[in-house]
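Trainee: next comes the sequence, and after it the predicted model I'd like to discuss.
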Amino acid sequence: MPSAADLLAWYDRHRRVLPWRAGPGESRDPYRIWLSEVMLQQTTVATVGPRYARFLDRFPTVNALAEADWAKVAEEWAGLGYYARARNLHACAKAVVARGGFPPDAPGLEELPGIGRYTASAVAAIAFDQPMVPVDGNVERVTARLAAVEEPLPGAKPRLTALAARFMEDPAARARPGDFAQALFDLGATICTPRSPACALCPWCEGCAARRAGIAAALPRKSPKAARPLRHGAHFLLTDAQGRILLRRRPEKGLLGGMLEVPGTPWRVGAWDAAEALAHAPAAAPWRLLPGTARHGFTHFELEMVLYAAPLPSGLVPEGEWHAAAAARGAVPTVMRRLIDLARLPDSA
DNA sequence: AATACGTGGAG
DNA sequence: TCTCCAAGTAT
């Protein structure tokens, strides 16, 4: 078993400075730790950096977030993806305020919306000094290599979780659970990387079974994933006299749930011909098909969209909200921004 | 257990 | 262009 002291010593010399990370002895705000953990789910540090700062600026406390309208939270999360996170974040803030603060341990945290096994452990360790080892992709990789686990993910997940939990048997880890967790993250992010691990620089190099076997770069193995089908959609950009565009709010659940969208057809495997598409238009108007298509990759399918545009016929009041094009670009999911950009509106750039 | 759920960057 | 991947969660 590699020594926690070795990893912590390495961490003390090489720790990354990150906006959500408290310096030695600095106080830790559970709200900030929790926000960063949710934002970092399946999202890179580089992406989160500026968005985290902006979010905190707008919602400085859990109370401010709890009291905010959903539309404001959605706008602030726009472009970050996995929008269930934003819905759960908002619901969680309300729950935390209602109960008078964050639960200070993992079981309590895991009962809150949007907080699963990983996030509960991470917040418990980092904000509340609980002896937990949060198991994220970094920790899975580090652990799979240390023990040379050849079983592919996600099947190997329980084994890796059990192996990682044993790190906390080391008193040095128990003395600094939050730092130990973040040391594992840093190790995975900077040394024990997915492609070509820098084993020569690794504080745990000597205890690593995969390194000894010469298979570190090949671990963890992953089960093959399903192919992504191509789907098609047709969307409708309605412009009013002031050059604003019509957006509407998607249903709470499912893809892009609760976010603003440019009205359109459902997304299906078959392409849409004009007559079929126009049945889904938000208003009867002189629609014309714009040249080009917009493409966007989702996790489980690829999407190709066409865009129809029309001015609002006088006297019509369609369902939805009017937004200036420039503002709309910043308030919608990326897939919708691509669509708006396809129209090359005067103020959209 | 398997699938749904976004996006941007690296190689 | 394309594949992989990033501090996962909910159902």
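Mentor: Structure received.

Trainee: got the CA coordinates for the longest helix seen in chain A in CSV?
Mentor: For chain A, the helix with the greatest residue count under DSSP state H is helix A:84-99. C-alpha atoms of helix A:84-99 as CSV (Å, rounded to 0.1, in the frame of the first residue of the first chain):
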residue,chain,number,x,y,z
ALA,A,84,-30.2,18.7,-14.5
ARG,A,85,-27.3,19.9,-12.4
ALA,A,86,-28.7,23.4,-12.4
ARG,A,87,-32.2,22.3,-11.5
ASN,A,88,-30.9,20.1,-8.7
LEU,A,89,-28.5,22.8,-7.6
HIS,A,90,-31.4,25.2,-7.2
ALA,A,91,-33.6,22.6,-5.4
CYS,A,92,-30.6,21.7,-3.2
ALA,A,93,-30.0,25.3,-2.2
LYS,A,94,-33.7,25.6,-1.1
ALA,A,95,-33.5,22.4,0.9
VAL,A,96,-30.2,23.5,2.6
VAL,A,97,-31.7,26.8,3.6
ALA,A,98,-34.9,25.1,4.8
ARG,A,99,-32.9,22.8,7.1
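
Trainee: following it, which helix or strand shows up next?
Mentor: Where DSSP states H and E defines the elements, the next helix or strand beyond helix A:84-99 is helix A:106-110.

Trainee: hmm, who's touching the helix or strand following that next one?
Mentor: On the C-terminal side of helix A:106-110, the nearest following helix or strand under DSSP H and E is helix A:117-128. Residues outside helix A:117-128 that contact it (Cβ atoms under 8 Å, 6 or more residues apart in numbering): A:28-30, A:33-34, A:37-38, A:41, A:102, A:104-107, A:109-110, A:115, A:130-136, A:177-178, A:180-182. Every residue, glycine included, has its C-beta placed from N, CA and C.

Trainee: surely A:Met168 and A:Arg176 touch.
Mentor: No - applying Cβ atoms under 8 Å as the test, A:Met168 and A:Arg176 come out as separate, 11.0 Å apart.

Trainee: Provide a list of residues in contact with the residue lying closest to A:Ala198 once chain neighbours are set aside.
Mentor: In space, and not counting its chain neighbours, A:Ala198 is closest to A:Ile191: 5.0 Å by Cβ to Cβ, 6 or more residues apart in numbering. Neighbouring residues of A:Ile191 by Cβ under 8 Å, 6+ apart: A:197-199, A:201-202.

Trainee: check A:Ile191 and give its pLDDT.
Mentor: As predicted, A:Ile191 sits at a pLDDT of 97.

Trainee: neighbours of A:Tyr52, just the number please.
Mentor: Look at A:Tyr52: counted by other Cβ atoms under 10 Å, it has 19 neighbours.

Trainee: gap between it and A:Ala148?
Mentor: Note on A:Tyr52: its distance to A:Ala148, by Cβ to Cβ, to the nearest Å, is 36 Å.

Trainee: host element of A:Glu295?
Mentor: In this structure residue A:295 is Arg, not Glu. Per DSSP H and E: strand A:294-297 holds A:Arg295.

Trainee: briefly note if whichever helix or strand comes after that strand comes near DNA strand C.
Mentor: Using DSSP H and E, the next helix or strand after strand A:294-297 towards the C-terminus is strand A:302-311. No - against DNA strand C, strand A:302-311 shows no contacts by Cβ under 7 Å from any atom of the strand, the least distance being 8.7 Å.

Trainee: quick revisit: buried among the contacts of helix A:117-128? Need that as a selection in ChimeraX.
Mentor: If you want just the buried ones from these in ChimeraX, going by 16 or more other Cβ atoms under 10 Å, the selection is:
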select /A:28,29,30,33,34,37,38,41,102,106,109,110,115,130,131,132,133,134,135,136,177,178,180,181,182
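
Trainee: filter the contacts of helix A:117-128 down to the ones in helices?
Mentor: Counting by DSSP H, the part of the contacts of helix A:117-128 found in helices is A:30, A:33-34, A:37-38, A:106-107, A:109-110, A:177-178, A:180-182.
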